[in-house]
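Trainee: just a sequence and a predicted model for now, questions to come.
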Amino acid sequence: MNTVTVELILNGKKIGPIDVAQGTMMIQFLHEYLNLTGTKFGCGAGICHACVILEKTKTGHVTHRTCIKGVGAFNGMNLMTIEGHANIDVKTEALVLHPVQQAFIDHFSFQCGWCTSGFVNEAIGYYESLKQQPVVQSELRAALEHHLGTHVCRCTGYVKYYQAMENLILSQPELIR
Amino acid sequence: MKQWMGIGIFTGILAVGFIYLGSGQTAVINPELNNIKVSEAIKERGRQVAIEGDCVACHTGPNGAEFAGGLHFLSPFGDIYSTNITPDKTHGIGNYSREDFYRAVKFGYSINSGNLYPAMPYTSYRKLNDEDMNALWTYFQSVKPIEQANKDNDLIFPTNIRFTLGGWNQLFFDDSDFKKTVGKSDIWNQGKYFVEAAGHCGECHTPRNIGFAMKSNAALQGAIIEGWDAVDITAKQLKKRGWTHNELIRFFKEGESNLGSAFAGMYTAINHSLRHMKRENLSAISTYLLDEDQHSTMTITSQLTTEAANSPRFLTEDEKAQKGYQGYVSYCAGCHGLDGLGKPNAVVAINNNSVLTADSAYNAIAVILRGLPSKRQSLIQGTVAMNGFSSEISDLELTELVNFARVVWGGHSDSVIDVDEVKAIRKQLDESGYLKDSGPDKSHSGL
Ligand code: FES
Ligand code: FES
C-alpha cells in the first residue's frame, strides 16, 4: 500500500511523522487516525463548508475544507479544529469557550449543529483578523456575509449566526473603526 | 499642394464609399419574400430556428425577460450589451420591416443602431436560407414586446464608431450563401447547414485572424475564448478523442457523456439550444461533425465504446506511485474519487474525459485553476460546483498533476507539459480576471 508521511501541528500539539494510507482525505485523518470527530462531513464535495478547519499563518488565518483535500496537502501547517478553541481555566478548572463559541450559544445560533464546526472556524478566523484590522461599523453586515457566506446551514436560516457575530463584534470597540 | 489635397479628398470619398458599401444597409433582399403567407407551421419553424440559433442565450439579461437584451459581453475592445429584439416599437424591433430584419440578422446592419458588432454572429447567420429567415421573422413578430431600454456599449476608440464596421465587413465578411458539398448525403449537408448557419459553431470553435475574423482555412480547429479552449471539433480530432455518433447526440441532448460533460459556453449552448432540438437534427450534426455517412456501423462502434467507458477502470498501485498522483489526492480525489470515477449525478468522471484526451492541456490546466460553477441540465441531472485551486496549487504541482492525469486517464502515451506553459496560462487567466473568484477557501488576513 502506498503511504504518505504526515507531520503537522494540530490544536497546538505536534502530530507525526506518521505514515497514512495515500488516499486519505483530511477529514478521514481527523476522524479515523486522531479520533477528532467534531469536524462534520456534509456534502463531501467542497460546497457546504461544514468540514472547514482553520490554519494559523504568519499573516493571519486561512480556512480549508477537509473533505476535498488529501491529508498530504496539510503537511507542515499549524491547524485548529473545533476541538481546539476552548480552554480550561487554570483556577476554576471550568471550560472557557472562545468568545465566538460563547456568542453562538448565547444567541441559540444552531439547531442540529452539523454546520457548526465549519461556522465556528470561519468565524474565529474572521474575528481574530479584526484585532489587527478593525471593520468599519456600517460595513460589518456586508463583511460578515462576505466571510461567512459560503457556509451552508440547512436548519437555521442563518439569522442567529449573523446576529451573534454582529453583537459580539459591536460589543468590542477595538474591533470597530 | 492643391493636387495633394485633391488626392486626399478623393481617397477619403473612396474610403467612405468602400465602408458604406460594406455596411450591409444596401443588401438586397428577394422581393418575393414579402408575398409569403404567415402560417402556424412557419411560425413554429421560426421558433425552432431561434432555438437553433440560440438567440435567447445572448439576448436575455440576467433574470431578465426573454429576448429583451441586456447581457454583458467583455470584448477585447470593451463592454458590449446585447439588445432588445422583442417587437417593442421603442426599444426593440417593432419598427423593422422584413428587409430590416434580414439586414440585421444576415448582414449585421440594424436600423436602430447602425452596424452591429460581429459579437452578433451575423457572420454565420449570413448562411441561413430564405425559408428559415422568413420563419424566424414570422416568429419574432409573435414574441411578446418588452419595453426595456438598451444599454450603451462602452468601447474604446475607434471601435466605438460603428460606421467603420462597414470596412471590417468589406475586408472580412464572407458574403456568400450556404453551399452544399457535392457527393455527401442530404443528412450530412443538413448537419453542415446547421453547424455553419444557425448553430454558429465556428464563432467559438474557429480560430480568428488578426482582424478578429474567423480563419476560413482553419474552420472548427479550436480557439481560446473567455479563458477556455473551445476545442478542435474537426472530425479527425473528435474521433481521436473517442467521440461517436451516439455519444455526441447524448452530449447535445443531456450535456453529459462518457467522455465528459459540457461546461462554460458549451453548457450554455446545450442548455438553451441544442438540447431542445429534434433528435434527427442532432443526428445530422453528428454525421457532419464526424464526417460519417453510414449509421449502421457507427451505432455498433458506439455501443462498444460506451460499454468500455462504463466499466470502471481502477488505477494500479504502480500508477498510484507515480509523480502527480499525490497532487491528485491532495486536490482532486475528494470529489473525483481515488480512481477518477467521479460520483454519479454530482461529479464528472475524469477517466476518458475530453479535457484530458484533448491534444491541448489548456482546459485541464484552466479548470483546476478556475473551477466551475454548478450546473443543472434538468430536474434530475446536474453537477456540483468545482472549486478553483489557483490560490493553493503551485505551478510545479499542477504541471505534475496534469501530466499524470493526461497519461493515465487521457490515453496519451506521454505528456510533457512543462512548468513554463502552466505559468503562462495561469498568468494569462489571472490578467484577464478569471482567477478572481476561484478558490473559495478564505484567507482572513489581519495585515
Ligand atoms: S463536507 Fe466539506 S464542504 Fe461539505
Ligand atoms: S444547524 Fe443544522 S445545518 Fe446548521
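Mentor: Looks like it arrived, so ask away. Ligands and ions are numbered 1, 2, ... in the order given.

Trainee: now the residue of the stretch 301-447 of chain B found nearest ligand 1: how far from chain A?
Mentor: Residue of the stretch 301-447 of chain B nearest ligand 1, by C-beta to the nearest ligand atom: B:Gly334 (8.0 Å). Where C-beta positions appear, they are placed from N, C-alpha and C, glycine not excepted. Between B:Gly334 and chain A the computed distance is 3 Å (C-beta to the nearest C-beta, to the nearest Å).

Trainee: equivalent analysis for B:Leu116, please.
Mentor: With the distance defined as C-beta to the nearest C-beta, B:Leu116 ends up 39 Å from chain A.

Trainee: same question for B:Ser124.
Mentor: Using C-beta to the nearest C-beta, we find B:Ser124 at a distance of 37 Å from chain A.

Trainee: that residue: neighbouring residues, count only.
Mentor: A count of nearby residues for B:Ser124, using other C-beta atoms under 10 Å in any protein chain shown, gives 23.

Trainee: tell me which helix or strand it sits in.
Mentor: Applying DSSP states H and E as the criterion places B:Ser124 in helix B:122-125.

Trainee: next secondary structure after that helix?
Mentor: With elements assigned by DSSP H and E, the helix or strand that comes after helix B:122-125 is helix B:130-142.

Trainee: where does chain B have low pLDDT?
Mentor: B:1-24, B:294-311, B:437-440, B:446-447 (pLDDT under 70).

Trainee: identify the bridge partners of the nearest residue to A:Asp19 once chain neighbours are set aside.
Mentor: Excluding the flanking residues, the one nearest A:Asp19 by C-beta to C-beta, 6 or more residues apart in numbering or on different chains is A:Thr3, at 4.2 Å. According to DSSP bridges, the partner residues bridging A:Thr3 are A:Ala21.

Trainee: is it correct that A:Thr3 is in contact with A:Val20?
Mentor: Yes - under the criterion of C-beta atoms under 8 Å, A:Thr3 makes contact with A:Val20 at 6.1 Å.

Trainee: those two - which one has more neighbours?
Mentor: Neighbour count, other C-beta under 10 Å: between A:Thr3 and A:Val20, A:Val20 has more, with 19 against 11.

Trainee: would you state the helices of the stretch 101-250 of chain B in chain order?
Mentor: Remark: helices assigned in the stretch 101-250 of chain B by DSSP state H, counting those that start in this stretch are B:122-125, B:130-142, B:165-172, B:186-196, B:202-205, B:235-240, B:245-254.

Trainee: for the fifth one, output the C-alpha coordinates as CSV.
Mentor: Only the C-alpha atoms of helix B:202-205 are listed here, as CSV (Å, rounded to 0.1, in the frame of the first residue of the first chain):
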residue,chain,number,x,y,z
GLY,B,202,-17.4,28.3,-35.7
GLU,B,203,-17.9,31.6,-33.8
CYS,B,204,-16.2,29.9,-30.8
HIS,B,205,-14.5,26.8,-32.3
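
Trainee: by mean pLDDT, which helix or strand of chain A comes out lowest?
Mentor: Lowest on mean pLDDT, DSSP states H and E among the helices and strands of chain A sits strand A:87-88, with a mean of 90.

Trainee: picking that back up, and the helix holding B:Ser124, what's buried?
Mentor: Across helix B:122-125, burial judged by 16 or more other C-beta atoms under 10 Å in any protein chain shown covers B:Tyr122, B:Thr123, B:Ser124, B:Tyr125.

Trainee: what's the helix or strand for the most centrally placed residue in chain A?
Mentor: When C-alpha atoms, centre = their mean is applied to chain A, the residue found nearest the centroid is A:Asn121 (1.6 Å). According to DSSP H and E, A:Asn121 maps onto helix A:116-132.

Trainee: ditto for A:Asn35
Mentor: Under DSSP H and E, no helix or strand contains A:Asn35.

Trainee: quick one: pLDDT of it?
Mentor: A:Asn35 carries a pLDDT value of 97.

Trainee: quick one: the helices in chain A?
Mentor: Applying DSSP state H to chain A gives helices spanning A:26-28, A:99-106, A:116-132, A:140-148, A:159-170.

Trainee: what does chain A put close to ligand 1?
Mentor: Listed as neighbours of ligand 1 in chain A under the rule C-beta under 6 Å from any ligand atom: A:Phe41, A:Gly42, A:Cys43, A:Gly44, A:Gly46, A:Ile47, A:Cys48, A:His49, A:Ala50, A:Cys51, A:Arg65, A:Cys67.

Trainee: ok, how many other residues are close to residue 91?
Mentor: Unless you meant another one, I'm taking chain A. Residue neighbour count, defined by other C-beta under 10 Å, stands at 6 for A:Lys91.

Trainee: not quite, I wanted chain B
Mentor: By the measure other C-beta under 10 Å, the count of residues near B:His91 is 19.

Trainee: check the one 3 residues further on too.
Mentor: B:Gly94 has 13 neighbours, counted by other C-beta under 10 Å.
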